[in-house]
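S.K.: Sequence first, predicted coordinates after that:
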Amino acid sequence: MAKYDFTATRLFVDAPLSGGAELALAPEQANYVCNVMRLREGDGVLVFNGRDGEWRADLTEAGRKRARLTAVEQIRPQTPPGDLWYLFAPLKHARLDYMVQKAVEMGASRLMPVITRRTQASRVNTERMTANVIEAAEQCGVLSVAEVAEPQPLAKLLDAWPRDRALVFCDEDAEEGDAVAALAPLRGRPLALVIGPEGGFDEDERRRMSRMDGVIRLSLGPRILRADTAAVAALTLLQAVCGDWVSPKTSP
């Protein structure tokens, strides 16, 4: 992303965007814009909604608890979102917040909490997850907003797994090998990545996924990684080998 202004205040708005559109900010957004960033009437803000691209908007009303914007011009057109699902066993709050933010930064388009037999944090606050998705998108210039799915048992999800979507199964017991070579055949296919809980998948879960069609069982190397670290490492690997980091000239 060349010559992008990361110093500009950037907000997600859940409203249609077009030239002249008037946008009433939520109270917490008004507080952030007017009291934290200390913007005044006439100042510019970047806004996006995940559908209509990114727009420059002018602050037309600035109060302590109330603010309004008017969309002026489109800065970037909407680009198609990636197609990378990220499945994970829920973590405790602080580490889950971190993991969600990093998954968005790394291009995950759908976040899917799955309950495994060794999952320790079975309760998932999807509203908090969505807030972290939006915050990461705002801060990193992301145009699309990743979907947050409701948690479900891993076995139920696998029962209905779409045949056309490859599943990369990160398994600490997998034989170490050339991860790049293992992933290269997946270029151009819809992808999903699954990371297990602290303590890993149990033997039945490991056996079930290993026997599925289109599954790549992958080692992340000789070190044991915490789940949030494994997420960043695996998503980086996927994007570098068969995701949107790949030059079109090198793709099949």
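M.R.: Happy to help now that I have it.
S.K.: going forward, measure contacts between C-alpha atoms and count neighbours the same way
M.R.: Will do.
S.K.: quick one: contacts for K102?
M.R.: Remark: with contacts taken as Cα atoms under 8 Å, 6 or more residues apart in numbering, K102 is in contact with 136, 232.
S.K.: tell me which element it is part of?
M.R.: Counting by DSSP states H and E, the element that carries K102 is helix 93-105.
S.K.: could you point out which element follows that helix?
M.R.: Tracing the chain past helix 93-105, the next element assigned as helix or strand by DSSP H and E is strand 110-115.
S.K.: which outside residues touch that following strand?
M.R.: Surrounding strand 110-115, the residues in contact under the criterion Cα under 8 Å, 6+ apart are 83-90, 100, 122, 124, 146-154.
S.K.: mind running it again at 7 Å?
M.R.: Counting by Cα atoms under 7 Å, 6 or more residues apart in numbering, strand 110-115 makes contact with 84-90, 122, 146-154, all of which sit outside it.
S.K.: Next, L46: secondary structure please.
M.R.: Here L46 is strand, with the state taken from DSSP: H, G, I helix; E, B strand; the rest coil.
S.K.: what's the distance between L186 and G221?
M.R.: Remark: distance between L186 and G221 (Cα to Cα, to the nearest Å) = 20 Å.
S.K.: which of these two has more neighbours?
M.R.: L186 (20 against 14; other Cα atoms under 10 Å).
S.K.: Tell me the confidence at the nearest residue to the more buried one once chain neighbours are set aside?
M.R.: For L186, the nearest residue in space outside its immediate sequence neighbours is C242; the separation is 6.4 Å by Cα to Cα, 6 or more residues apart in numbering. Listed pLDDT for C242 reads 91.
S.K.: what number of residues lie near C242?
M.R.: Applying other Cα under 10 Å, we find 21 residues neighbouring C242.
S.K.: Run through the residues that contact it.
M.R.: 184, 186-187.
S.K.: what about 10 Å?
M.R.: Going by Cα atoms under 10 Å, 6 or more residues apart in numbering, C242 touches 180, 183-189, 191, 250-251.
S.K.: just to revisit the earlier point, would you mind getting the angle between the helix holding K102 and strand 110-115?
M.R.: Between the direction of helix 93-105 and that of strand 110-115, the angle (axes from the mean of the first three to the mean of the last three Cα atoms, to 10 degrees) works out to 150 degrees.
S.K.: how much space between the nearest residue to E198 once chain neighbours are set aside and G199?
M.R.: With sequence-adjacent residues excluded and distances taken as Cα to Cα, 6+ apart, E198 is closest to A227, at 6.4 Å. With distances taken as Cα to Cα, A227 is found 9 Å from G199.
S.K.: In terms of packing, which of the two has more residues around it?
M.R.: Set side by side, A227 and G199 show more neighbours around A227, with 22 against 12, by other Cα under 10 Å.
S.K.: can I assume the more buried one is in contact with L87?
M.R.: No: when contacts are counted by Cα atoms under 10 Å, A227 is not listed as touching L87 (11.5 Å).
S.K.: Quick check: neighbours shared by the two?
M.R.: Both A227 and L87 are contacted by 195-196, under the criterion Cα under 10 Å, 6+ apart.
S.K.: which element follows whatever helix or strand V180 lives in toward the C-terminus?
M.R.: Taking DSSP H and E as the criterion, the element that holds V180 is helix 179-183. The helix or strand immediately downstream of helix 179-183 is strand 191-195, counting by DSSP H and E.
S.K.: How many residues are close by R165?
M.R.: 18.
S.K.: Give me the neighbour count for the closest residue in space to it that isn't next to it in sequence.
M.R.: Once flanking residues are discounted, R165 sits nearest to P190: 4.9 Å by Cα to Cα, 6+ apart. Residues within reach of P190, counting by other Cα under 10 Å, total 16.
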